[in-house]
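In: below is the sequence, then the predicted model.
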Amino acid sequence: MPSPFSPRFDRVTAIATLIAQRTGLYIREQDRAQLGRHLQSRCRTLRLASLAAYEQLLAAATPASDREWSGLSKHLSNTESYFFRDRGQFQLLEKHLLPDLITRQRPQRQLRLWSAGCATGEEPYSLAILLQRLWPELTQWDCQIIGTDINLAALAQARRAQYGNWSFRTLSADYQAQYFQATGGNQYQLADVVRRWVSFYPFNLVQPLASQPQLQPQSFDVILCRNVFIYFCPEAIARALENFAQALRPGGYLLTGHAELYGQELTGFVSRALPESMVYQRRSPRSPTPAQTAPPLPPLSPPAGPLRSPTPMPTDAVPDLKRELAIARTAFASKDYQQAAERAAAILAKHPQTFAACELLAQIHANAGDYDQATHFCQQALDIQPFALAPYYLLAQIAEERHQPAIAKTVWKKIVYLAPESAWAHYELGWLYEREGDRQRASKLYHTAQQLLAARSPTEALESGMDLTVAELQQTLAQKLTGC
Ligand SMILES: C[S@@+](CC[C@H](N)C(=O)[O-])C[C@H]1O[C@@H](n2cnc3c(N)ncnc32)[C@H](O)[C@@H]1O
């Protein structure tokens, strides 16, 4: 690994700065060595003598530079997505935001929704499924859903509208059957009746809005930009927010991932804390001193529904939260699942971004065999902490329980990626391959698991809180490897 003081490391840091300026993506210190390896490999492929030459290529305004940026953006972006990813936000859209907007826009008969950073299209198509199901008459309007992304390969996949099981992980089987048709090889094609609502365009969120002619100023009613800013530096978020403020009609709504705008200047928006999510509503551009002159917010319909006006956070919120969590956990430990679930749900109603409450609810529902709810809370936990392992472990076990080997395999692979030191994950993945009859892959994974265990004490629990010990898994592995 290069020393932080070596010239090569400086060049990687310089390129990471260029990347942040151009794409908004912040490469963390701990990921720089990996970036360095990728850049070296690009230099070899392009026959460039040094990273300095590669940096020059990126900095140039040439078609070759644009091509390289396109490949680099693809390499750097996480395009993870799935249908109806945040159930709370989709309920908010369905029950309140869209009915309000449809009433408001009825005279013009025009509605525009933008999924910014749409990856492979699950998010804008979820919006389209919602409109198709509830307001099919909008096809008679000038109604458009636009998906944009910096990653051209993801956009090409979005346009194809073909998905595997992993994209349906929280979608009900009814919806899947109604809107998708199996095309073989575990792939499903989205129905044309939904596809026709959505168009896809390339757009880099940190570039000016005018660089994409489809994104007209003051033309959008809703912008969804979820799970994009978690990878951004604050300056890039500020630039994207300027674009969103420009693109929204006054009174239009911006939804982001939970806590993604924490600590960010929100000039141009009024923040509204609703039980399902924070919503940022575009102010009227004519209000120079927002605190006094912000236009009255149009009432969300129905006005007395589950929407709550913002309540100030009590100063002792954190100790309160800790105490509430401790009570919920104690109830769970003494198997009082009803009480534990009520406590955890009450925490989430007050503090929707509490990872531990989501994790606990996932566990409670899994224990009760309610795998849909358990999956939902695992996903909610992962939306809050995308790299947490516990929800993935639970998702993998749920998939096994449900006899969904394709999903189980995807999840175990993710765990292996996130925790390469996990012998258990290697073993489970090996076991899945063995059941498929792929002995070669199985044996490789078993060997890796064995090597990982060799460095550990035999009496140690395999994972914290697990009954199985290192020695027990070693024994199982030894038997498996003689059979492989
Ligand atoms: C994790 S996906 C989110 C997909 C979807 N919004 C969701 O929540 O399921 C993040 C996406 O942001 C895109 N992205 C990253 N930087 C971007 C930028 N500067 N401009 C536009 N899109 C960007 C990535 O290419 C990736 O497809």
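Out: Looks like it came in fine. For clarity, every value in this text was computed on a predicted model and none was experimentally measured.
In: the closest residue in space to Tyr446 that isn't next to it in sequence: helix or strand, and which one exactly?
Out: Of all residues not flanking Tyr446 in the chain, Gly430 sits nearest, at 4.7 Å (CB to CB, 6 or more residues apart in numbering). Just so you know, the C-beta spots here come from the backbone N, C-alpha and C atoms, and that holds for glycine as well. Gly430 is part of helix 423-436 when elements are defined by DSSP states H and E.
In: for that helix, buried residues please.
Out: Judged by neighbour count (16 or more other CB atoms under 10 Å), helix 423-436 contains these buried residues: 423-434.
In: now the residue nearest to Tyr446: how far from Ala399?
Out: Between Gly430 and Ala399 the computed distance is 16 Å (CB to CB, to the nearest Å).
In: ditto for Gln246
Out: The gap separating Gln246 from Ala399 is 43 Å, by CB to CB.
In: which one of those two has more residues nearby?
Out: Applying other CB atoms under 10 Å to Gln246 and Ala399 shows that Ala399 carries more neighbours, namely 23 against 19.
In: and the contacts of the helix or strand hosting that one?
Out: In the assignment (DSSP H and E), Ala399 maps to helix 390-401. With contact meaning CB atoms under 8 Å, 6 or more residues apart in numbering, helix 390-401 is reached by 169, 358-359, 362-363, 366, 371, 374-375, 378-379, 381-382, 405, 407-408, 411-412, 414-415, 418, 428, 463.
In: which SS class is the residue lying farthest from the centre of the chain?
Out: In the chain, the residue that sits farthest from the middle, by CA atoms, centre = their mean, is Thr482; the gap is 41.2 Å. The local conformation at Thr482, judged by DSSP: H, G, I helix; E, B strand; the rest coil, is helix.
In: how many residues are close by Arg323?
Out: The local packing count at Arg323 equals 11, with neighbours defined by other CB under 10 Å.
In: how much space between it and Tyr337?
Out: For Arg323, the distance to Tyr337 (CB to CB) stands at 20 Å.
In: around the ligand, which positions in this structure sit nearby?
Out: In this structure, the chain approaches the ligand at residues 23-25, 77-81, 85, 117-119, 122-123, 149-151, 154, 204-206, 226-228, judged by CB under 6 Å from any ligand atom.
In: hmm, back to that, residues contacting the residue nearest to Tyr446?
Out: Gly430 sits in contact with 441-446, 449, 480, where contact means CB under 8 Å, 6+ apart.
In: Glu460 against Thr469, yeah?
Out: Yes. In this structure, Glu460 sits in contact with Thr469. The criterion is CB atoms under 8 Å, and the distance is 6.4 Å.
In: comparing those two, which residue is more hemmed in?
Out: Comparing Glu460 with Thr469 by neighbour count (other CB under 10 Å), the higher total belongs to Thr469, at 16 against 13.
In: hang on, isn't the more buried one packed against Glu463?
Out: No. With contact defined as CB under 8 Å, Thr469 and Glu463 do not form a contacting pair (10.6 Å).
In: residues contacting the residue lying closest to Arg441 once chain neighbours are set aside?
Out: Counting by CB to CB, 6+ apart, Tyr433 is the residue found nearest to Arg441 once chain neighbours are left out, at 4.2 Å. The contact partners of Tyr433, taken as CB under 8 Å, 6+ apart, are 439, 441-442, 445.
In: okay, Tyr433: pLDDT?
Out: On pLDDT, Tyr433 comes in at 92.
In: contacting residues around the most centrally placed residue in the chain?
Out: With distances taken as CA atoms, centre = their mean, the residue of the chain nearest its centroid is Asn227 (4.5 Å). Asn227 makes contact with 80-81, 85, 117, 257, 260, 383, 386 under the criterion CB under 8 Å, 6+ apart.
In: same thing but at 10 Å, please
Out: Contacts of Asn227 were listed using CB atoms under 10 Å, 6 or more residues apart in numbering, and they are 78-81, 85-86, 117, 119, 123, 256-258, 260, 382-383, 386.
In: gap between it and Gln373?
Out: Following CB to CB, the distance that separates Asn227 from Gln373 is 22 Å.
In: before we move on, what about Gly430?
Out: Using CB to CB, we find Gly430 at a distance of 30 Å from Gln373.
In: and what of Leu92?
Out: Remark: distance between Leu92 and Gln373 (CB to CB) = 19 Å.
In: which of these two has more residues huddled nearby?
Out: Higher neighbour count among Leu92 and Gln373: Leu92, with 22 against 16, using other CB under 10 Å.
In: where does that one sit: helix, strand or coil?
Out: Following three-state DSSP, the label given to Leu92 is helix.
In: not counting residues beside it along the chain, what's closest to it?
Out: Leaving aside its sequence neighbours, Leu92 sits nearest to Glu276 (CB to CB, 6+ apart; 4.3 Å).
In: what do you get for Ala20?
Out: Computed as CB to CB, 6+ apart, the closest residue to Ala20 that is not its neighbour in sequence is Cys233, at 5.1 Å.
In: neighbours of the one you found, how many?
Out: Here the count is done by other CB under 10 Å, and Cys233 has 18 residues near it.
In: dump the residue contacts of it.
Out: Going by CB under 10 Å, 6+ apart, Cys233 touches 17, 19-21, 23-27, 206.
In: of the residues you listed, closest to Gln105?
Out: In terms of CB to CB, no member of the contacts of Cys233 lies closer to Gln105 than Val206, at 29.3 Å.
In: the closest one belongs to a helix?
Out: No. Secondary structure assignment places Val206 outside any helix; it is coil (three-state DSSP).
In: number of residues surrounding it?
Out: Burial of Val206 is recorded as 22 neighbouring residues (other CB under 10 Å).
In: mind checking how far the residue nearest to Ala368 when sequence neighbours are not counted is from Arg343?
Out: What sits nearest to Ala368 in space, not counting adjacent residues and going by CB to CB, 6+ apart, is Tyr337, at 6.5 Å. Counting by CB to CB, the separation of Tyr337 from Arg343 is 11 Å.
In: of those two, give the one with the bigger neighbour count.
Out: When Tyr337 and Arg343 are compared on other CB under 10 Å, the one with more neighbours turns out to be Arg343, at 23 against 15.
In: for the helix or strand encompassing that one, what is the average pLDDT?
Out: In this structure, Arg343 sits in helix 337-350 according to DSSP H and E. When pLDDT is averaged along helix 337-350, the result is 86.
In: stretch 77-96 now?
Out: The predicted model gives stretch 77-96 an average pLDDT of 90.
In: fine by me, thanks again.
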